[in-house]
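Student: quick check, what structure comes out for this input:
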Amino acid sequence: MAENLNKSEKTKYRLADAVKTCMKTTPVDKITVQNIVDNCGLTRQTFYRNFKDKYDLINWYFDKLVLQSFGQIGVEKTIGESLKEKFEFIKKEKVFFTEAFRSDDHNSLKEHDFELIMGFYTDLITRRTHKELAEEIEFLLEMYCRGSVFMTVKWVLSGMKTTPGELAESLVEAMPPRLAEVFEKAGLI
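Tutor: Sure thing, here's the model as predicted:
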């Protein structure tokens with residue numbers, strides 16, 4: 001944890017470390033807020049001042065790990081390079097992501113990951129092309145994002161046998177041709 005974090009950020013990282021510790025012995029759906037705060041010496045009030053629930057905490061931590069690499073798509077990195085970096089983060093935090101992706105709660109990381117990448121790609125494409133997505137492209141993008149999340153979860157839960165680079169390359173190759181054309185015209189692949 002960096003020294004230049006404000007008090008609120010430091011508290012959030014303490015809670016994230018606590019939930020990661022809990023995940024080593026308990027499935028996410030069985031972890032309670034009390035377990036988390038007991039693990040790091042904070043109060044429930046402090047927890048709820050920072051997060052709605054444990055899934056909000058997990059999703060916040062995911063964003064911290066992943067958004068940095070995705071912020072560079074189309075600037076310094078291609079989609080494939082950013083995906084590889086995302087998967088390297090996931091592999092480095094294997095216990096956290098293995099447990100987080102096992103949850104099927106409506107507020108789970110799987111749904112959060114989908115909403116995050118769908119929104120991110122939609123915004124990126126519309127900014128680059130200066131027009132809204134056509135209905136057909138939006139459909140292809142949603143299908144691609146859902147499939148990408150499914151394959152990411154499958155990769156994590158099956159022990160991450162392929163490298164982050166191989167998974168990233170496979171996901172870029174699996175992009176539907178019409179969608180790939182849009183990404184290419186926008187300078188993203």
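Student: name the helices or strands packed onto the helix or strand hosting Val156?
Tutor: Using DSSP states H and E, Val156 sits in helix 135-157. With contacts taken as 3 or more C-beta pairs under 8 Å, 6 or more residues apart in numbering; DSSP states H and E, helix 135-157 sits against helix 79-92, helix 94-102, helix 109-129, helix 164-173, helix 177-185. Quick note: C-beta positions are derived from backbone N, CA and C, even for glycine.
Student: save these as CSV, and put in mean neighbour count and distance to Asp56 too.
Tutor: Shown next, in CSV, are the helices and strands packed on helix 135-157 (neighbours: other C-beta atoms under 10 Å; distance: least, C-beta to C-beta, whole Å):
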stretch, mean neighbour count, distance to Asp56
helix 79-92, 20, 19
helix 94-102, 20, 12
helix 109-129, 17, 9
helix 164-173, 17, 26
helix 177-185, 15, 31
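Student: circling back to that earlier point, in the helix holding Val156, what's buried?
Tutor: Ile137, Leu140, Leu141, Tyr144, Cys145, Ser148, Val149, Thr152, Val153, Trp155, Val156 (16 or more other C-beta atoms under 10 Å).
Student: what's the angle between it and helix 164-173?
Tutor: 160 degrees (axes from the mean of the first three to the mean of the last three C-alpha atoms, to 10 degrees).
Student: re earlier: the helices and strands packed on helix 135-157 into a markdown table, with extra columns for distance to Val28?
Tutor: Putting those into a markdown table (distance: least, C-beta to C-beta, whole Å) gives the following:
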| stretch | distance to Val28 |
| --- | --- |
| helix 79-92 | 15 |
| helix 94-102 | 5 |
| helix 109-129 | 9 |
| helix 164-173 | 22 |
| helix 177-185 | 32 |
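Student: looking at those, which is nearest to Cys40?
Tutor: Closest of these to Cys40 is helix 94-102, at 15.0 Å (criterion: C-beta to C-beta).
Student: and the lowest-mean-pLDDT helix or strand in the chain, what's buried?
Tutor: Sorting the helices and strands of the chain by mean pLDDT, DSSP states H and E puts helix 54-70 at the bottom, at a mean of 84. Buried positions in helix 54-70, judged by neighbour count with 16+ other C-beta under 10 Å: Lys54, Tyr55, Leu57, Ile58, Asn59, Trp60, Tyr61, Phe62, Leu65, Val66, Ser69, Phe70.
Student: helices and strands around it, which ones?
Tutor: Secondary elements touching helix 54-70 (3+ C-beta pairs under 8 Å, 6+ apart): helix 7-23, helix 33-40, helix 79-92, helix 94-102, helix 109-129.
Student: and of the helices and strands packed on helix 135-157, who's closest to Leu42?
Tutor: helix 94-102 (18.7 Å).
Student: for Lys77, what are phi and psi?
Tutor: Note on Lys77: backbone dihedrals following degrees, to the nearest 10 are phi -130, psi 150.
Student: model confidence score at it, please.
Tutor: Looking at Lys77, its pLDDT reads 78.
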